[in-house]
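> build me a structure from this.
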Amino acid sequence: MISMICAVANDGVIGNKNQLPWPHLPSDMKWFSKQTKGNVVVMGRKTWHSLGSVKPLPNRINVVVSRQTQITGANAVITDNVNQNILNLQQEYPSRDIFIIGGAQLYRSTKSIIKNFYITRIYSDYPGDTYLDIEVLLEGTKMLQQKAIEASEKHPEHAFQIFQKVI
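As a prediction, the model looks like this:
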């Protein structure tokens, strides 16, 4: 199964200067880890570089798709045909789910092959330079699940949502 996982703030902000724009959100990190551990994570070059010292993500098969050849420390796929390469990963790892983990360009270009959408909605405003029109991405889907998390002193209100493509 090919899925995407993404956190998005109000106005579609998903990044700022190649980092998450909101303060550390432990519940989102747990959500991300729970969904992706033991599976294949596919990311673009900028997302790979944003991981800093955490890369490669442990207990996952890390795949970086890029047109550039200077990627180290990952299973790098140099490609102009991202969707076909992701479909090939499905055949190579039939017992694992494939998760697209970013960035924005990769989410948009793989929309047609994604079946499930794991979204963390962060109900707050943050400055950003990377945006994703999540409503366009979710066209033709239905919500399967939602878990709301109330705001606290340290963390904004947010929700974990799962959508499935219906068309």
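
> contacts for the helix or strand that contains F99, please.
Per DSSP states H and E, F99 falls inside strand 98-102. Applying Cβ atoms under 8 Å, 6 or more residues apart in numbering, the external contacts of strand 98-102 come out as 1-6, 14-15, 32, 35-36, 39-44, 47, 86, 89-90, 106-107, 110, 114, 118. For the C-beta atoms, the positions are set from N, CA and C on the backbone; glycine is no exception.

> show only the entries of those found in strands.
2-6, 14-15, 40-44, 118 (DSSP state E).

> so how far is I149 from P26?
Per Cβ to Cβ, to the nearest Å, P26 is found 11 Å from I149.

> quick one: which of these two has more around it?
Neighbour comparison, P26 and I149: the larger count goes to I149, with 19 against 9 (by other Cβ atoms under 10 Å).

> OK, contacts around the closest residue to the more buried one other than its chain neighbours?
Nearest residue to I149, sequence neighbours excluded (Cβ to Cβ, 6 or more residues apart in numbering): H158, at 5.1 Å. By Cβ under 8 Å, 6+ apart, H158 lies in contact with L25, S27, D28, T120, R121, I122, Y123, A148, I149.

> partner residues bridging the nearest residue to T47 once chain neighbours are set aside?
Once flanking residues are discounted, T47 sits nearest to G102: 4.2 Å by Cβ to Cβ, 6+ apart. Beta-bridge pairing for G102 (DSSP bridges): M43.

> and the pLDDT for G102?
Per-residue pLDDT puts G102 at 96.

> what's the neighbour count on it?
24.

> same check, this time on the one 5 residues further on
Around Y107 there are 23 other residues, counting by other Cβ under 10 Å.

> and it, what does it touch?
By Cβ under 8 Å, 6+ apart, Y107 lies in contact with M4, C6, I100, L132, L137.

> and what of F160?
Here F160 is in contact with S27, D28, W31, Y118, I119, T120, Q145, Q146, K147, I149 (criterion: Cβ under 8 Å, 6+ apart).

> and if you look at M143?
Counting by Cβ under 8 Å, 6+ apart, M143 has contacts Q161, I162, F163.

> any idea which of the residues you listed is the one closest to P21?
Closest to P21 out of these is Q161 (19.1 Å), distances taken as Cβ to Cβ.

> avg pLDDT for the strand or helix carrying the closest one?
Q161 is part of strand 158-165, with elements assigned from DSSP H and E. Across strand 158-165, pLDDT averages out at 98.

> please apply the same query to stretch 33-42.
97.

> any idea how far the closest residue to I114 other than its chain neighbours is from N39?
For I114, ignoring the flanking residues on the chain, the nearest one in space by Cβ to Cβ, 6+ apart is M4 at 5.0 Å. Using Cβ to Cβ, M4 is found at 12 Å from N39.
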